[in-house]
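>>> Here is my input; please provide its structure:
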Amino acid sequence: MTTQTLAQWNLDPTHSEAQFKVKHLVISTVTGTFKQFTASLHAASSTDFSGASVTFSASVDSIDTNNADRDGHLKSGEFFDAAQFPSIDFSSTSFEKVSDSEYNVVGDLTIKGITNTVALKAEFGGEMVDPWGNHKIGFEVSGVVKREEFGLTWSAVTEAGGVVVGSDVKLIFNVQFAPAQA
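Numbers count the residues shown, from 1 in each chain. Have a look, this model is predicted:
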């Protein structure tokens, strides 16, 4: 495949997903998705993303855990407070190559008005031209954050003393990008 030099890649939302996973009652995992999000990637080439920069923004109001009552609680002031803080935002500060297909991505994550530095792993899935001639690249990005560090401190305890919502939140992004149109 011919490699082309590109300055900016924009998210292909049709072929991308943003998920999180958190323990419930410490015995099972609840998965949530953000149905509306954007991302862009600036890189010198489509084969080596060393030094690239990435931005991501998710609409808190688009949260979906497959349970309307839980979604409403997550959007409330006890969790994300969507009315006051409508988005979750990430901006990378470094994008370092670890191997042919792996990168360490460090950046500033802002949730509920609180910004912390987080480290993520990005696995480059490759590049391809789809049947319609569109050039695409793909990544699977993952990491873990502590929800309390972002002001997500709501908690409840069961009669037996168990925690209702875990502290660690796994982030999983499967994203596909296409070259930005000039």
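>>> Secondary structure element holding the residue lying closest to S87 once chain neighbours are set aside?
Nearest residue to S87, sequence neighbours excluded (C-beta to C-beta, 6 or more residues apart in numbering): S57, at 5.1 Å. In this view, the C-beta of every residue, glycine as well, is placed from N, C-alpha and C. Using DSSP states H and E, S57 maps to strand 53-59.
>>> in that strand, what's buried?
Neighbour counts over strand 53-59 (16 or more other C-beta atoms under 10 Å) mark 53-54, 56-58 as buried.
>>> One more: stretch 14-34?
16, 18, 20-23, 30, 32-34.
>>> ok, now stretch 65-74?
65, 70-71, 74.
>>> And stretch 107-116, by the same measure?
Neighbour counts over stretch 107-116 (16+ other C-beta under 10 Å) mark 107, 109-112 as buried.
>>> Helices of this structure, residue ranges please.
Per DSSP state H, the chain carries helices over the ranges 68-75.
>>> Can you show me the strands along it?
Taking DSSP state E as the test, the strands found in the chain are 8-11, 17-24, 28-34, 37-42, 53-59, 63-64, 87-97, 102-111, 114-129, 135-146, 165-179.
>>> S91 and G125, how far apart?
As judged by C-beta to C-beta, to the nearest Å, S91 and G125 stand 22 Å apart.
>>> what do you get for G51?
Counting by C-beta to C-beta, the gap from G51 to G125 is 19 Å.
>>> Also A119?
Per C-beta to C-beta, A119 is found 20 Å from G125.
>>> ok, now H73?
Remark: distance between H73 and G125 (C-beta to C-beta) = 34 Å.
>>> cool, and S76?
36 Å.
>>> What count of nearby residues applies to V175?
For V175, the tally of surrounding residues (other C-beta atoms under 10 Å) stands at 24.
>>> How about S87?
When neighbours are defined as other C-beta under 10 Å, S87 has 19 of them.
>>> Show the average pLDDT along stretch 67-82.
What stretch 67-82 shows for mean pLDDT is 94.
>>> circling back: and the strands of the chain as JSON lines, adding mean pLDDT and distance to D81?
Below are the strands of the chain laid out as JSON lines (pLDDT from 0 to 100; distance: least, C-beta to C-beta, whole Å):
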{"stretch": "strand 8-11", "mean pLDDT": "92", "distance to D81": "25"}
{"stretch": "strand 17-24", "mean pLDDT": "89", "distance to D81": "17"}
{"stretch": "strand 28-34", "mean pLDDT": "89", "distance to D81": "16"}
{"stretch": "strand 37-42", "mean pLDDT": "96", "distance to D81": "18"}
{"stretch": "strand 53-59", "mean pLDDT": "97", "distance to D81": "13"}
{"stretch": "strand 63-64", "mean pLDDT": "97", "distance to D81": "12"}
{"stretch": "strand 87-97", "mean pLDDT": "97", "distance to D81": "11"}
{"stretch": "strand 102-111", "mean pLDDT": "98", "distance to D81": "10"}
{"stretch": "strand 114-129", "mean pLDDT": "95", "distance to D81": "11"}
{"stretch": "strand 135-146", "mean pLDDT": "95", "distance to D81": "17"}
{"stretch": "strand 165-179", "mean pLDDT": "90", "distance to D81": "16"}
